[in-house]
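Colleague: Need coordinates for the following:
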Amino acid sequence: MDGYLRDALWFDVRDQGPTDGAPVVVLLHGFPQDGSAYDAVVPLLVDAGVRVLVPDQRGYSPRARPPGRRPYVVPELVADVVALLDTAGVAEAHVVGHDWGGAVAWALAARRPGRVASLTALGTPHPAAMRAGLLRGQALRSWYVGAFQLPRLPERALLAHDGARLRDALVRTGLAPHRADRYVARMSRPGALTAALAWYRALGVPSSGSTGRVRVPTTYVSARRDPFFAPASVAATAGHVDAPYTRVDLDVGHWLPEHRPSDVAAAVLGQVRA
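Modeller: Below you'll find the predicted structure:
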């Protein structure tokens, strides 16, 4: 499959690997990435006999950009992944998420555990752990979330001068320049950055819901030098999982799928083979 339809929105999907009953892994990207973030991870999983589904999520697929912020609340993002599984004929999958994709993966595991064989969170703490950590360093690391609530101004600032500020911000946090160029080019297309920022703006919508406790086997790959997640949030994550829990702590920065694909694949395959 190269995509799927939900509520008149078309989501682009990379679908690789065997389809004859093989275990299925779903890889969810974050901001401002797309499914290509996992390009170096996918072959490692396919070589291990795994079917891999990598969607460009809501707001990132060009034909899945509804206007406003309400369409980007967490329940909608979770429902998008469930629709992907339904379309692919997959009862349950090993779900992997990085950055915002990690938040979706945590929520999916908490809300629809019957569809999640295991969870592998890359960098992103459990959302409740992040809230609890706000007064212990997380608020300072999440300052940009408040800035993104402003209408139109963030788009103008980040995309001025051919996206120079967005590119510089990505490179300063450790992303390889050629990767930054790709993401900036995609975010520079009409409506793309506004749709991506709608994920942040939707946090203020009352119906966005909260993420409860997780009761599926979980691997949390923490990145010690990630500038976006406070150590307090990372440490508190284990307390929100009522299932076998493994933490893999790496002395690396934020961009795990792009720069540590072998570690990501090893963590995922550890769950697939458990």
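
Colleague: got any ranges where this structure has weak pLDDT?
Modeller: 208 (pLDDT under 70).

Colleague: which helix in it runs the most residues?
Modeller: The longest helix of the chain (DSSP state H) is helix 153-172.

Colleague: Show me which parts of stretch 176-195 are buried, residue by residue.
Modeller: For stretch 176-195, burial by neighbour count (16 or more other Cβ atoms under 10 Å) applies to 179-180, 182-184, 186-187, 192-195. Heads up, the C-betas are built off the backbone N, CA and C, glycines and all.

Colleague: err, stretch 146-154, not the other one
Modeller: So stretch 146-154, judged by 16+ other Cβ under 10 Å, has buried residues 148, 154.

Colleague: Can you pull out the residues in contact with it?
Modeller: With Cβ atoms under 8 Å, 6 or more residues apart in numbering as the test, stretch 146-154 has contacts from 193, 197, 200-201, 204.

Colleague: can you give me the end-to-end distance of it?
Modeller: For stretch 146-154, the first and last residues are 11 Å from each other (Cα to Cα, to the nearest Å).

Colleague: on that earlier part again, what's the PyMOL syntax to select whichever of the contacts of stretch 146-154 are buried?
Modeller: PyMOL command restricting the contacts of stretch 146-154 to the buried ones, with burial defined by 16+ other Cβ under 10 Å:
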select buried, resi 193+197+200+201
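
Colleague: Is it possible to get the contacts of stretch 146-154 out as JSON lines so that each row also shows secondary structure?
Modeller: Shown next, in JSON lines, are these (DSSP: H, G, I helix; E, B strand; the rest coil):
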{"residue": "Leu193", "secondary structure": "helix"}
{"residue": "Leu197", "secondary structure": "helix"}
{"residue": "Tyr200", "secondary structure": "helix"}
{"residue": "Arg201", "secondary structure": "helix"}
{"residue": "Gly204", "secondary structure": "helix"}
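
Colleague: Any buried residues in the longest helix of the chain, and which?
Modeller: 154-155, 158-159, 163, 166-167, 169-170.

Colleague: I'd like the distance from it to the chain centre, please.
Modeller: Offset of helix 153-172 from its chain centre (Cα atoms, centre = their mean, to the nearest Å): 21 Å.

Colleague: And stretch 8-16, by the same measure?
Modeller: 16 Å.

Colleague: All further residue positions should be reported with the first residue as 639.
Modeller: Done: numbering now begins at 639, and the last item shifts to stretch 646-654.
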